[in-house]
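Enquirer: Below is the sequence, then the predicted model.
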Amino acid sequence: MERIVKANDREYNEKFQYADNRIHTSKYNILTFLPINLFEQFQRVANAYFLCLLILQLIPEISSLTWFTTIVPLVLVITMTAVKDATDDYFRHKSDNQVNNRQSEVLIDSKLQNEKWMNVKVGDIIKLENNQFVAADLLLLSSSEPHGLCYVETAELDGETNLKVRHALSVTSELGADINRLARFDGIVVCEAPNNKLDKFMGILSWKDSKHSLNNEKIILRGCILRNTSWCFGMVIFAGPDTKLMQNSGKTKFKRTSIDRLMNTLVLWIFGFLICLGIILAIGNSIWESQIGDQFRTFLFWNEGEKSSVFSGFLTFWSYIIILNTVVPISLYVSVEVIRLGHSYFINWDRKMYYSRKATPAEARTTTLNEELGQIEYIFSDKTGTLTQNIMTFKRCSINGRIYGEVPDDLDQKTEITQEKEPVDFLVKSQADREFQFFDHNLMESIKMGDPKVHEFLRVLALCHTVMSEENSAGELIYQVQSPDEGALVTAARNFGFIFKSRTPETITIEELGTLVTYQLLAFLDFNNTRKRMSVIVRNPEGQIKLYSKGADTILFEKLHPSNEVLLSLTSDHLSEFAGEGLRTLAIAHRDLDDKYFKEWHKMLEDANAATEERDERIAGLYEEIERDLMLLGATAVEDKLQEGVIETVTSLSLANIKIWVLTGDKQETAINIGYACNMLTDDMNDVFVIAGNNAVEVREELRKAKENLSGQNRNVSNGHVVCEKKQQLELDSIVEETVTGDYALIINGHSLAHALESDVKSDLLELACMCKTVVCCRVTPLQKAQVVELVKKYRNAVTLAIGDGANDVSMIKSAHIGVGISGQEGLQAVLASDYSFAQFRYLQRLLLVHGRWSYFRMCKFLCYFFYKNFAFTLVHFWFGFFCGFSAQIALDTSYWTFINHVFIWGSIAIYFSILFTMHSNGIFGIFPNQFPFVGNARHSLTQKCIWLVILLTTVASVLPVVVFRFLKVNLYPTLSDQIRRWQKAQKKARPPSSRRPRTRRSSSRRTNSSYLKIKDYGWSLS
């Protein structure tokens, strides 16, 4: 489905009934709040149960309690939830009104008029000024900058604070700020339907009998802020709920903790237990009525057959359901939420998780998962920016088979660079980055000698990127970078004399060793996670067309011309050496293009861009076609140091029996080196398994061999046959982690992982990986990261945590039970998608082992106490039923009952925070560590067996005092009824069986006394 929008023609656009620009994030209004909120609340089982209970209490035949005892806690819970929902929705309304009433200049009737955002329509032309929010998704028409350029900040969309460039079509940029020409603009845009893809847009602009292709670079999205641009004009394409910002504001997947699931199960069991109690008491009532209750008929003036014992038991069942209702804990959920909220504040207030350099505190972005932090078994971590600092420094490079960045000593041996070595004196000191240091003078000598390969290498670094440049107030050149890698490479080229100065949509200007050179930008082949490379096609001042490319070596080496074989071998060795030192590497290549060939290729690219179907596939195919027969120039090596405290954190988490898996897009050698650097991999390990198969058969074979080596069992391995999917599914469901003695590690590449994640191989992968202490997955895509997390989450029944800092970690963070975002160098996308966030990886240790463990431990204690309280309180009435003829009478006055219950509800929370928080805290643990046993996971420390043991002990504790009291009272202080009953039993035993005298008729007064005594014996004495 496509969208058709005509500029400056509201009447034409209204026939399509497009959404206006008003947004609604609120759920209720004044009229709908009460019915909708009550409907939502009574969808909860506990609330619905108590509503049914309230209805039962209104039936006089079965209720011995007033409705007050049930309606008070029910109304209290519903009111608290309603107030919370109303407060949240009030702030949503307030935010909506604030946004909807923002002012924007809209071109109406050939004049710019101030309009509220909510009155903006699709097809309107809007004027934006510097530092102004964008009102809707706009097609950029013109701007104050040359060539229709403008700069936007997308922090509200993707969390990235660096500026991004957008540029208008050349045909519309000529409109400038001429209001008359803009008012006459009547272009028609045919584009894709509203969607949530922030980095993708496809459309066609038809104007003046010509069609122009539109892509994401021509669109300014709602939520962006215009920066460093005086003004710009745009045409509204999507408005209100159709904008990409609103399309991405869907509901986040609700995450439930294992304690939540356990509580729901327990509540169902408790409800069943309540039914059993009611049935027992109902049966008791029927038996009592049939055997003893008949004796009361004369006394109570009942007519014969008026009330059967079965019907009496039926009514008694419902009466006891009402009386024993407190066994179902309606207040439990409220109490737990209050406790979780308190724990969330403890995390937010923790000064030991505050990063002072960036003034960044830890933040609990959810209040429902705190105790789950104490049950983590698997951690999935990104490497770059998570374990490392993501502050890149250009360290070494390989150019034309020669390594630069090593400092030879007098014996021509490589030595470690230290601060005592003299750094290179750069050519252009005034424009050099003062923080950049390089110690190998040979590179500067090669530049000064005019080595063409070295110059071409640095030229690629200065041209092939997405960096934006600007000057600050002091006239210094400042780079706005989208990734730290690009910033490091462009800064290195700058210090070596190839200075990137500026760019337009059609040109790139650099300063080469003091000479300004402007290159015509013919095409830009952007980077993505599939291509793993980027290229630019430029025409130099001599008229030559050049393709410059940089990217992952595994990808770029496949595109090289066969004549590069010798240089490829040398460079590969250098890359392995760089990766072994933990450096991040990229390959650099170029290609000379024929003018005629490029024109043909560019014409096909324009046709592909103008296509409405399979556009991306056609463009990708054309990129593949021109990025071939490349000539290798060399490779770069950038250092990304470990964050502070990573080694200690990894060691502590390993001691806690938490398994850490590293999922990274880096080379295998780099990932392995970082693994050794942070003690995830050690020389003491029994074995490190490397899986590098190129197809499913090889991967399966390597996985099974590794498992055989690990388990020490010689199994007969089939010769690569494919096992049926059903059998593999059964294997997955029945995987049992074997007892492994020793430490093992698994390392697997992205291409091997793709085969290992297939349905007939993943059981082998999962079984082997779960036996290993450490797993490292290299060269993985964001999708593969999420797939690995889902695999463990689904089949291991374990609590998982994913931690990352970039947009490529978002899918992994959302897939795990708990997602942690690090606010690092790659924007805030990971933080925005996370459940918890902080600034440094080392804070994960305190989050899990302090806040997580204690939150979970306290919650376990609280739940046991809560269930004990409920059963101890409820079973009083159960046992009282045996002493009141199962007549559904209450043991306590209703006002006293309600008061005591509320004291327990709120007292539980008060006791929890005053006593349990003090007793079960980090400080007390430090003083008396031996008094606190290991807690473990939910299914170990708060299982149903544990809960039912508490209930059993409660039952015994509630029965024992009554039994002991009755026994002692009957024997030590018997009542008159007890004495008569004892005498009657003694007479029965002593009386001969044959000595039975015939009954004689008594007088009426005597008969009355006998009836009284009989009633007293059989009825009152039971009370």
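Expert: Done, it's in.
Enquirer: All the strands of the stretch 651-800 of the chain, residue numbers only.
Expert: In the stretch 651-800 of the chain, the segments counted as strands under DSSP state E, counting those that start in this stretch are 659-663, 687-691, 744-749, 774-778, 799-804.
Enquirer: Also the stretch 451-600 of the chain?
Expert: 468-471, 477-480, 498-503, 507-512, 515-525, 533-539, 545-551, 583-593.
Enquirer: now, of the strands of the stretch 651-800 of the chain, which is deepest in the fold?
Expert: Ranked by mean neighbour count under mean count of other C-beta atoms under 10 Å, the strands of the stretch 651-800 of the chain are led by strand 799-804, which reaches a mean of 28. For the C-beta atoms, the positions are set from N, CA and C on the backbone; glycine is no exception.
Enquirer: Please list the residues outside that one that contact it.
Expert: Residues outside strand 799-804 that contact it (C-beta atoms under 8 Å, 6 or more residues apart in numbering): 258, 372-373, 375-382, 385-386, 785, 789, 792-793, 809-810, 812-813, 815-822, 830, 841, 844, 848, 937.
Enquirer: 7 Å instead?
Expert: By C-beta atoms under 7 Å, 6 or more residues apart in numbering, the surrounding residues in contact with strand 799-804 are 258, 372, 375-382, 386, 789, 792-793, 812-813, 815-822, 830, 844.
Enquirer: and if you look at stretch 662-677?
Expert: When contacts are defined by C-beta under 7 Å, 6+ apart, stretch 662-677 is touched by residues 380-384, 387-388, 576, 579-585, 642, 680-681, 747, 749, 774, 776-780, 785, 788, 808, 812.
Enquirer: and that stretch, which residues are buried?
Expert: For stretch 662-677, the neighbour count (16 or more other C-beta atoms under 10 Å) marks 662-675, 677 as buried.
Enquirer: which residue packs closest to Leu703, ignoring adjacent ones?
Expert: In space, and not counting its chain neighbours, Leu703 is closest to Asp764: 4.1 Å by C-beta to C-beta, 6 or more residues apart in numbering.
Enquirer: tally of neighbours for that neighbour?
Expert: Neighbours of Asp764 under the rule other C-beta atoms under 10 Å: 21.
Enquirer: That one and Asn695, how far apart?
Expert: 14 Å (C-beta to C-beta, to the nearest Å).
Enquirer: One more: Phe39?
Expert: 55 Å.
Enquirer: out of the two, which sits in the busier spot?
Expert: Using other C-beta under 10 Å as the criterion, Phe39 and Asn695 rank with Asn695 on top: 12 against 9.
Enquirer: all strands of the stretch 201-350 of the chain, in order?
Expert: 203-207, 210-214, 219-220, 225-227, 231-238.
Enquirer: among those strands, which is nearest Ile545?
Expert: Nearest to Ile545, of all those, is strand 210-214, at 21.5 Å by C-beta to C-beta.
Enquirer: now the angle from the closest one to strand 231-238?
Expert: Angle of strand 210-214 versus strand 231-238, following axes from the mean of the first three to the mean of the last three C-alpha atoms, to 10 degrees, is 90 degrees.
Enquirer: what lines up beside strand 210-214 in the sheet?
Expert: Next to strand 210-214 in the sheet, as set by DSSP bridges, lie strand 203-207 (antiparallel).
Enquirer: Just the mean pLDDT for the partner strand, thanks.
Expert: Strand 203-207 carries an average pLDDT of 91.
Enquirer: Any chance you could list what contacts it?
Expert: Counting by C-beta under 7 Å, 6+ apart, 169, 171, 187-192, 211-214, 610 sit against strand 203-207.
Enquirer: quick one: contacts of stretch 450-460?
Expert: Contacts of stretch 450-460 (C-beta under 7 Å, 6+ apart): 399-400, 446-447, 493, 496, 498, 548, 550, 588, 590, 633-634.
Enquirer: Then stretch 388-395?
Expert: The contact list for stretch 388-395, computed with C-beta under 7 Å, 6+ apart, reads 384, 405, 484-485, 487-489, 491-492, 583, 636-643, 674, 805, 824-826.
Enquirer: mind listing what's buried in it?
Expert: Neighbour count says stretch 388-395 has Thr388, Gln389, Asn390, Met392, Thr393, Phe394, Lys395 buried, by 16+ other C-beta under 10 Å.
Enquirer: Please parse the chain into its domains.
Expert: The record assigns the chain these domain ranges, following the TED database: 3-21+120-249, 390-408+426-641, 895-964.
Enquirer: and Ser654, which of those domains is closest to it?
Expert: Per C-beta to C-beta, nearest to Ser654 of the domains of the chain: domain 895-964, 15.7 Å.
Enquirer: Excluding its own residues, what touches the helix or strand where Ser837 lies? List them.
Expert: Assigned by DSSP states H and E, Ser837 belongs to strand 836-838. Contacting residues not belonging to strand 836-838 are listed as Met353, Ala362, Glu363, Ala364, Arg365, Val820, Gly821, Ile822, Ser823, Val831, Leu847 [C-beta under 7 Å, 6+ apart].
Enquirer: so which helix or strand takes in the most centrally placed residue in the chain?
Expert: The geometric centre of the chain, computed from its C-alpha atoms, lies nearest to Lys814 (C-alpha atoms, centre = their mean), at 3.3 Å. Using DSSP H and E, Lys814 maps to helix 810-815.
Enquirer: are any of the contacts of stretch 662-677 buried, and which?
Expert: Here, 16+ other C-beta under 10 Å leaves 380-384, 387-388, 579, 582-585, 642, 680-681, 747, 749, 774, 776-780, 785, 788, 808, 812 buried among these.
Enquirer: low-scoring pLDDT stretches of the stretch 551-700 of the chain, where are they?
Expert: By pLDDT under 70, the low-scoring segments of the stretch 551-700 of the chain are 612, 667.
Enquirer: measure Asn971 to Asp85 for me?
Expert: Taking C-beta to C-beta, one finds Asn971 at 59 Å from Asp85.
Enquirer: Looking at the two, which is more packed in?
Expert: In terms of neighbours (other C-beta under 10 Å), Asp85 is the more surrounded of Asn971 and Asp85; the figures are 17 against 10.
Enquirer: returning to what we had before: filter the contacts of strand 203-207 down to the buried ones and hand me the ChimeraX line.
Expert: Per 16+ other C-beta under 10 Å, the buried members of the contacts of strand 203-207 correspond to this ChimeraX selection:
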select :169,187,188,189,190,191,192,212,213,214
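Enquirer: for the contacts of strand 203-207, which one is nearest Gly475?
Expert: Leu169 (32.8 Å).
Enquirer: For the closest one, give me its contacts.
Expert: If you count contacts by C-beta under 7 Å, 6+ apart, then Leu169 has Leu205, His212, Lys218 around it.
Enquirer: how long is stretch 634-653 end to end?
Expert: In stretch 634-653, first residue to last residue: 40 Å (C-alpha to C-alpha, to the nearest Å).
Enquirer: Cool, thanks, signing off.
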